[in-house]
Structures are given as C-alpha cells and as structure tokens.
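In: Return a 3D structure for these sequence lines:
(one chain, ligands or ions: 2)
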Amino acid sequence: MRTANMADHYALIPAAGNGSRMGGKRPKQYLDLAGKPMIYHALRRLAGSPRIRRVYVVISPADAYWDDYDWREFASKLSVLRCGGSIRADSVRNGLVAMASEVAENDWVLVHDAARPCLSAAQLDRLLDEAGSDPVGGLLAMPVADTLKRADTSRHVCTTEPREGLWQAQTPQMFRHVMLLHALHQMRDTVPTDEARAIEALGHRPLLVAADNSNFKVTYPRDLYLARLILENPDD
Ligand SMILES: Nc1ccn([C@@H]2O[C@H](COP(=O)(O)OP(=O)(O)OP(=O)(O)O)[C@@H](O)[C@H]2O)c(=O)n1
Ligand SMILES: C[C@](O)(CO)[C@H](O)COP(=O)(O)O
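Out: Numbers count the residues shown, from 1 in each chain. Ligands and ions are numbered 1, 2, ... in the order given. Below is the predicted model of the structure:
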C-alpha cells in the first residue's frame, strides 16, 4: 500500500467549454495558436513533465473537433474522457469520477485550463514543489497589481478597494483526488469558478503559489496575439 508521501501526480484538463467570449467558429481550445490547436500547448507542458504520470483531457460528449488532430506524440500519457458538463465545475467533477479507478485517493490532481497555453515549466515545477509540501495543496496565482475600483450599476466609482492580500487565481490547481472530488460533490448547489473555492468551502486554506501574468487565460480574441507572442519567445 502506498503512503501519502508516495503520491503520484496526474493532470486533468477541462476542455469542454464553448469559448463564447472568444466568439470563434470553433471552441477556443481548438483555435489555431502558433500552428497548433490551443489545447496542444497545455497538453505538451503537462505531458512533458516527468513528474506527471498521466494527463486526462475532458471534452464534451458532443465534441466534433478532437478527432481532427493527431495526438500520437502524447499517446503514452494521454487519456481522453468524453464526459464534459455544462459548466466547468461539472467537467472537472465528471473527469475526477472517470479517472477514479486509475488513481489512488491521495494522489495529486493538477487541474489546468485548456485556455492557459503559456504555463512555463518553471511555474509548473514551483507549484509541484510548494503545493506538494502543503497538507491541503494549492494553486498558481498572482498578486493584484492594479488599483481596484468598485462601481455602481451606472459604472460610476463607489469606492477604491484595498488590494493588499488580493490575488488572481490561475491554474493549475493541485489537490488530492479524494479531497477535490468530495469538495466538488459538496458544492453541487453552487457554482465554484475554480477548484480552490470548493476546497475552501470545506474549511481548508489552499496555498497560493506565486506565478506571473504569462500564465493568463485566453478569453477574448485579442488574447490570442499575446499568447502567440509568449509562446514564440519562451523563457524555458
Ligand atoms: N462546461 C465547461 C466550461 C468550461 N470548460 C473549460 O474550462 C476552462 C476555462 O473556462 P473558460 O475560459 O471560461 O472557457 P469557456 O467556458 O470555453 O469560455 P466562455 O466562458 O467564454 O464561454 C476551459 O479550458 C474550458 O474549455 C469546461 O471544461 N467545461
Ligand atoms: C479556474 C480559473 O481559470 C481561475 O482563474 C477561472 O476561474 C475559470 O474561468 P471562468 O471564466 O470563470 O470559467
């Protein structure tokens, strides 16, 4: 029997969204980015890490694009799960259920958006090291850099909010399989926009692991230009 110290690491990429804010002809995870479908870049980073044992990609049961591409370079590490849900949290929860027979309860799962293609190897390693040393786990995140305004419904400023202690959550978010699955089951009636929110609701305090804005989420059309620039000028 393995102990918690011997836990393996697995990655889960939710990729069942529509990319409605991107407004493209196909879901944004399949839009061309530096000559590849966007999801390729997240997959390459995670599957390329010797510390990650297997990568699970969750796509929609109705996905009509995945099979258009050749994924053979990832064959030894890749599993595709056609169990995406109507919101991100459902896709993640369904993926966790589907992979349950292949992972141990205390194995770590790194949930990473298909729409964050610029994750660097250094950021990934930092998360693995720091969150892996925390009893709960943690997530990449970035301290808020701008002054924060709270607006009324007519977009006039009500107040300037203190930004001390505020961080923007990114992915990967890394938690034990059993804890994350339990947390997402408990949140069934509310919509957590990230995994950490569900873990927090159990009373735990995930660790914030400092990242930078190169790991941003591609959401709007102009984000594609920035992502391409970063991918064409990698740090590592
Ligand atoms: N039902 C959903 C919704 C989102 N995602 C995934 O969650 C990640 C982050 O979500 P987001 O950037 O919001 O993607 P979309 O939901 O596709 O975009 P939008 O909200 O603009 O429609 C993406 O990899 C997306 O594919 C998912 O797996 N299942
Ligand atoms: C998980 C996430 O990427 C953390 O920033 C984010 O919450 C997902 O984005 P969404 O637009 O809320 O789906």
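
In: what does the chain have sitting close to ligand 1?
Out: Residues of the chain lying close to ligand 1 (CB under 6 Å from any ligand atom) are 14-22, 28-29, 58, 84-88, 91, 113-115, 217, 219. Just so you know, the C-beta spots here come from the backbone N, C-alpha and C atoms, and that holds for glycine as well.

In: Can I get the buried part of those residues as one ChimeraX selection?
Out: A single ChimeraX command selects the buried members of those (16 or more other CB atoms under 10 Å):
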select :14,15,16,17,19,22,28,29,58,84,85,88,91,113,114,115,217
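
In: Where strands are concerned, which of the residues of the chain next to ligand 1 count?
Out: 14, 58 (DSSP state E).

In: list the contacts for residue 87?
Out: residue 191 (CB atoms under 8 Å, 6 or more residues apart in numbering).

In: State the distance from it to residue 71.
Out: 25 Å (CB to CB, to the nearest Å).

In: Likewise for residue 201?
Out: Counting by CB to CB, the gap from residue 201 to residue 71 is 35 Å.

In: Could you do residue 139 as well?
Out: Residue 139 sits 27 Å away from residue 71, going by CB to CB.

In: The two: which is more packed in?
Out: residue 139 (25 against 16; other CB atoms under 10 Å).

In: Can you tell me the SS state at the residue nearest to the more buried one when sequence neighbours are not counted?
Out: Nearest-residue entry for residue 139: residue 173, 4.0 Å, with adjacent residues in sequence omitted and distances by CB to CB, 6 or more residues apart in numbering. Judged by DSSP: H, G, I helix; E, B strand; the rest coil, the three-state class of residue 173 is strand.

In: try residue 64
Out: coil.

In: ok, residue 84 touching residue 92?
Out: No: assessed by CB atoms under 8 Å, residue 84 is found out of contact with residue 92, at 9.5 Å.

In: Now for those two: what residues contact both?
Out: Jointly contacting residue 84 and residue 92 under the rule CB under 8 Å, 6+ apart are 14, 58.

In: Could you list every helix and strand in contact with the helix or strand hosting residue 159?
Out: Element membership of residue 159 [criterion: DSSP states H and E] is strand 157-161. Here strand 157-161 touches strand 148-151, going by 3 or more CB pairs under 8 Å, 6 or more residues apart in numbering; DSSP states H and E.

In: Tell me the strands beside the strand it packs on, with direction?
Out: Strand 148-151 has its sheet partners listed here by DSSP bridges as strand 157-161 (antiparallel).

In: Not counting the partner strand itself, show me its contacts.
Out: By CB under 8 Å, 6+ apart, the residues outside strand 157-161 that reach it are 147-152.

In: Repeat that for stretch 188-208.
Out: 87-89, 92, 111, 130-131, 134, 136-139, 141, 167, 169, 171, 173, 175, 179-180, 182-184, 186-187.
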